[in-house]
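Asks: Structure, please.
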Amino acid sequence: MDVQPNAGLISPSLDACDQEPIHIPGSIQPHGLLLVAQASGLAVIGGGGDIDGRLGPGWTGRGLDALLGQDIAARLAAHPEAITVALAPVAGLSERFDAVAHRIEAWVVVELEPAAAQAASAVTVLAGLETANRSFERATSLRGLCERAAAAFRQLTGFDRVMVYRFLDDDAGVVLAEDRDPALGSFLNHHFPASDIPRQARALYVRNRVRVIPDVDYTPAPLVSASSDLSDLDMSDVALRSVSPIHIQYLKNMGVAASASVSIVRDGVLWGLIACHGETRRYLTFDVRLACDALAAGLSRQIRALDELEHYGERIRLRALEDAVVSRLGTEASIESFFASTGDELCATLAADGFAAVQGHEVYAAGRCPDPADIRPLAQWVEERATAQPFSTPELGLHFPAAQAYPERASGLLATTMSTEQPTVLLWFRAEQVEVVNWAGNPHKEAPEPGLALAPRASFEAWAQAVRGKSHPWTLLEIESAGRLMRTIFEARQNRRVRDLNRDLTATIADNERLLLQKDFLLKEVSHRTQNSLQLVSSFLSLQAREVADPVLSGHLGEAQRRLQAVALVHQRLYNDARVETVDLARYLEDLCTDIGATMDEGWKGQIGLRLAPIVVSADKAVRVGLILTELVINANKYAYGGAPGPIAITLEQHRNRLRLIVADNGAGKTGPRQGFGSRMVDAMVKGLEGTLEETGNDPGLRIIMTAPID
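Replies: Residues are numbered from 1 along each chain as shown. From the prediction side, this is the model:
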């Protein structure tokens, strides 16, 4: 079957799946017990499972201390900020239980799960983890690392099949490695659509990183209570939480009798899963789950190390190829002759099938390119989209419909523009790469009829799909390389023009007039004047704040001054920087935090910690991020420690094509809904960035994460 990329893979039922409240099932898996007690007094008011038959009758109304034979209050007090606290083992009527307690709203919830008859010693477990991690360190490729991980997790868990599953950019997933019983079929390299793991399930995988379903044929044990309604109890952190009926049917359709999932989390983002399937019932005890979690953390660190190593090697390779091409510029060769003679080298630098440079009506082409008559309108289209940053896409036909006529020559495009009197457009082309994607079953999941329940896919037989109209994607490093090549060529052109201008005074005057009209000069001039105006207003606000006797009004004026400084600092960067279109966000935020700290009390000196990754963004985006950071720091300054000084950690990270700004404190945490002017402004700024804002606990304190696209 031949289809366009991603056609029909996101079904109409996906939104419905995303809305299923899987965190409040109102029941548990019956292999364990659940006790729900009041946080004040620790009296048990409800529970789930066969508590009478396994722990003893008369449990309702009793205190947790007496029921479990240990001082629960003391254990909770020893970890005042922890959501989950491990307890001592508990003796049942005929078995022993591993026990953990969770703080959930106004309740303390205790999970009791069967303990191992003979648990492995700590030395044995640590030695096994060390052996596996050393094996991970010897892997030289991502696929090789995943193969070692699949084998290690299968040995640790004893499941019949263990797969390493990676999420892709569109939230679909692919099995990178597999270790299985030879009698089972293989899912290696098979793709699974995004609808198989809905959004709220992915969020729970980050929060609750080891999930076990010992028996898919279990009957859910409902939560019962004579005094309270527990149907809405949030069980996000509860390992015994009953599973969505849709997921249970999904596993049965796959022929799975038991399963376990171990999350692979990198930099707070769900990278993938260790998916374990069993042909018969299989339970993982608490100590094995802890070992799985630790091993997954080691795997995540090694994945990051391999990615960074690959990133570094690719950067060095591209720089070497760029230097080789730029050396061909020479001192006397014209830019036109350079394009005509080095097209093949420019193709090879970015692993393109073709290259073209367009100046006015002149087209210089090399390699496998569209016809000049097709290149010219494409160049005009690119001029409007690649003025500040390179434009790239592996699916040109989706953005420029005329390109659907020549996918075998240009399905992928990387383009950049030089601002000259006749704009010069550099175009790299990649031909269509027909890819046969093997799906585990037909991914085109149909939406249910109105009024009918959701249901999972019923078939997982291999289903092949030929994806057309798409090229090999451009990497971020290749996009950066195209920008550097453009700037180097532009600088060479400018140097040649200077030499020509020295020989011809008339041409010098004419060229200077054109250069005065360049956008970068005008933007710098506007930025300079704006900076003066902003400084004047800031000085006025500072003067007013010192003269006003009302401390509330003085505080508002101070906040307004800090907001103004966030904007003024970007304009200062624009004026001093050689490139006016973009800003180094890390440098800007560092200077902004210095300015904000200077306006705080002396006690705040040294309290703001920074960990900022270098990310280049547009000036407009930098202003919005700066205003967001200013508001978050102001809020932490005012509310985190009751007005007193305290540590604030500010982190800037890049994950693929998105940036993450994290502001965390160790203070009182969230004290109420955000309703003030600053909060409304932050929401507007985040919406303008097409981003998201997430507030979570920092154990202790508040952790606010703002995520937004870089481009």
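
Asks: show me the residues around residue 48 that make contact.
Replies: By Cβ atoms under 8 Å, 6 or more residues apart in numbering, residue 48 lies in contact with 27-28, 33-34, 221-224, 240. C-beta here means a position set from N, CA and C on the backbone, and glycine is covered the same way.

Asks: Separate out the buried members of those residues.
Replies: Applying 16 or more other Cβ atoms under 10 Å to the contacts of residue 48, the neighbour count classes 27-28, 33-34, 221, 223, 240 as buried.

Asks: just for the stretch 1-150 of the chain, where's the confidence low?
Replies: 1-19 (pLDDT under 70).

Asks: ranges for the strands of it?
Replies: Ranges of strands within the stretch 1-150 of the chain are 2-3, 27-28, 33-38, 44-48, 84-86, 90-91, 96-104, 107-114, based on DSSP state E, counting those that start in this stretch.

Asks: The fourth one pairs with which strands, and in what direction?
Replies: When you say that, I think you mean strand 44-48. strand 33-38 (antiparallel), strand 224-225 (antiparallel) (DSSP bridges).

Asks: What would the first one look like as PDB? C-alpha coordinates only.
Replies: In this case it means strand 33-38. Only the C-alpha atoms of strand 33-38 are listed here, as PDB (Å, rounded to 0.1, in the frame of the first residue of the first chain):
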ATOM      1  CA  LEU A  33      -4.200  -4.900  49.300                       C
ATOM      2  CA  LEU A  34      -4.900  -1.200  49.600                       C
ATOM      3  CA  LEU A  35      -5.600   0.700  52.900                       C
ATOM      4  CA  VAL A  36      -7.000   4.200  52.800                       C
ATOM      5  CA  ALA A  37      -6.600   6.200  56.100                       C
ATOM      6  CA  GLN A  38      -7.200   9.700  57.200                       C
END
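
Asks: coming back round to it: let me have the strands of the stretch 1-150 of the chain in TSV, adding distance to residue 236 as columns.
Replies: Shown next, in TSV, are those (distance: least, Cβ to Cβ, whole Å):
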stretch	distance to residue 236
strand 2-3	37
strand 27-28	13
strand 33-38	14
strand 44-48	16
strand 84-86	11
strand 90-91	23
strand 96-104	8
strand 107-114	11
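
Asks: Show me the one of the ones you listed that comes nearest residue 54.
Replies: Closest approach to residue 54 among those is made by strand 33-38 (6.2 Å; Cβ to Cβ).

Asks: Okay, angle between the closest one and strand 107-114 too, please.
Replies: 160 degrees (axes from the mean of the first three to the mean of the last three Cα atoms, to 10 degrees).

Asks: residue ranges for the helices of the stretch 351-500 of the chain, please.
Replies: 372-383, 396-399, 476-503 (DSSP state H, counting those that start in this stretch).

Asks: Show me the shaky parts of the stretch 501-650 of the chain.
Replies: 501-552, 554-559, 561-581.

Asks: longest single helix anywhere in this structure?
Replies: Determined from DSSP state H, the single longest helix within the chain is helix 286-326.

Asks: which stretch among the strands of the stretch 1-150 of the chain comes nearest residue 419?
Replies: Per Cβ to Cβ, nearest to residue 419 of these: strand 2-3, 40.2 Å.

Asks: Turn the strands paired with strand 44-48 into a markdown table, columns for distance to residue 129.
Replies: Compiled in a markdown table, the strands paired with strand 44-48 are given as follows (distance: least, Cβ to Cβ, whole Å):
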| stretch | distance to residue 129 |
| --- | --- |
| strand 33-38 | 29 |
| strand 224-225 | 39 |
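
Asks: re the thing from before, of the contacts of residue 48, which pair is most distant in space?
Replies: 224 and 240 (14.5 Å).

Asks: thinking again about what came up before, any idea which of the helices of the stretch 351-500 of the chain gets closest to residue 276?
Replies: Short answer: helix 476-503, nearest of these by Cβ to Cβ, at 33.3 Å.
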